[in-house]
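>>> Okay, predicted coordinates and the sequence, questions at the end:
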Amino acid sequence: MIIFWQIFFANIILVFVLIGIHEVGHWVMGLIAGIPYRNMKIRMFTFPQQVFLRDEQDWVSVSNYERYHSILNKYVPTSKGKYLYVSGGFLFETIFLVICSLILWKYDFWLYAAVASGLSLMMFLVYLFAMDIPQSKSLKKPWGDTTILFSLSQKPTILVVSVMILIRVVLAILFLIERT
């Protein structure tokens, strides 16, 4: 019973850490893409969690799609730069997950590594199929990271999503097979 509670609380912490790392990825890639640091702010206690952009004196949420993308276009005029900014969250989150899982596995916390990989996979699938795609269809425009990436470039986005899912599945299976 103790192991259940350890995994339960570790998962709650992991959800917040993964979301935080994801948003830091957007922020860092935003810097690389050309957005000044003083014009980006990570907001963790909003829904969805996101990087707000500054438009003169106002901080603008991605929920205000037209205004947000107008600001983004001002700082990052190229599709390649926008793709870098939006995909940065997935990139940082995946790298963090791989490193964290491998460290847990190395120190014989294989069950935690498997659960972390599985939880990350479930978070992404729920986000994709319960939030991003349905909201995008409802609004008839891109809504979240995946549909925005897809609107910028379809084939690379299919590859990015496939690789993200594959990495998480392989990690979870690797850690579970290791102990059987």
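Sure thing, it's come through.

>>> Give the buried residues for the helix or strand containing residue 138.
Assessed by DSSP states H and E, residue 138 sits inside helix 133-139. Using 16 or more other CB atoms under 10 Å as the test for burial, helix 133-139 gives 133, 136. Where you see a C-beta, it was placed from the backbone N, CA and C, and this is true even at glycine.

>>> For this protein, which segments are assigned as strands?
Here the chain has its strands, by DSSP state E, at 40-43, 50-55, 58-60.

>>> right, so those strands: which one is the most enclosed?
Stretch with highest mean neighbour count among the strands of the chain: strand 50-55 (a mean of 20; mean count of other CB atoms under 10 Å).

>>> so what does the helix holding residue 138 touch, helix or strand wise?
If contacts are counted by 3 or more CB pairs under 8 Å, 6 or more residues apart in numbering; DSSP states H and E, helix 133-139 sits against helix 145-152.

>>> next one: stretch 10-24 to chain centre, how far?
Averaged C-alpha coordinates place stretch 10-24 at 9 Å from its chain's average position (CA atoms, centre = their mean, to the nearest Å).

>>> Mind listing residues that contact that stretch?
Residues outside stretch 10-24 that contact it (CB atoms under 8 Å, 6 or more residues apart in numbering): 42, 44, 49-51, 89-90, 92-93, 96-97, 112, 115-116, 119-120, 123.

>>> That one: which residues count as buried?
By neighbour count on 16+ other CB under 10 Å, the buried set for stretch 10-24 is 10, 11, 14, 17, 18, 19, 20, 21, 22, 23, 24.

>>> export those to a markdown table and tack on distance to residue 74 and pLDDT?
A markdown table is the format used below for the buried residues of stretch 10-24 (distance: CB to CB, whole Å; pLDDT from 0 to 100):
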| residue | distance to residue 74 | pLDDT |
| --- | --- | --- |
| 10 | 41 | 83 |
| 11 | 39 | 84 |
| 14 | 36 | 89 |
| 17 | 32 | 94 |
| 18 | 30 | 93 |
| 19 | 27 | 94 |
| 20 | 27 | 95 |
| 21 | 27 | 96 |
| 22 | 24 | 96 |
| 23 | 21 | 97 |
| 24 | 23 | 97 |
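
>>> can you tell me which of the residues you listed are in helices?
Among the buried residues of stretch 10-24, the ones falling in helices (DSSP state H) are 10, 11, 14, 17, 18, 19, 20, 21, 22, 23, 24.

>>> if I pick residue 76, what's in contact with it?
So residue 76 contacts 30, 33, 34, 35, 82, 85 (CB under 8 Å, 6+ apart).

>>> So which residues of the chain form helices?
Ranges of helices in the chain, per DSSP H, are 2-33, 65-75, 79-106, 110-126, 133-139, 145-152, 154-178.

>>> Could you export those as CSV, including distance to residue 57?
Formatted as CSV, these follow (distance: least, CB to CB, whole Å):
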stretch, distance to residue 57
helix 2-33, 19
helix 65-75, 12
helix 79-106, 22
helix 110-126, 34
helix 133-139, 27
helix 145-152, 25
helix 154-178, 34
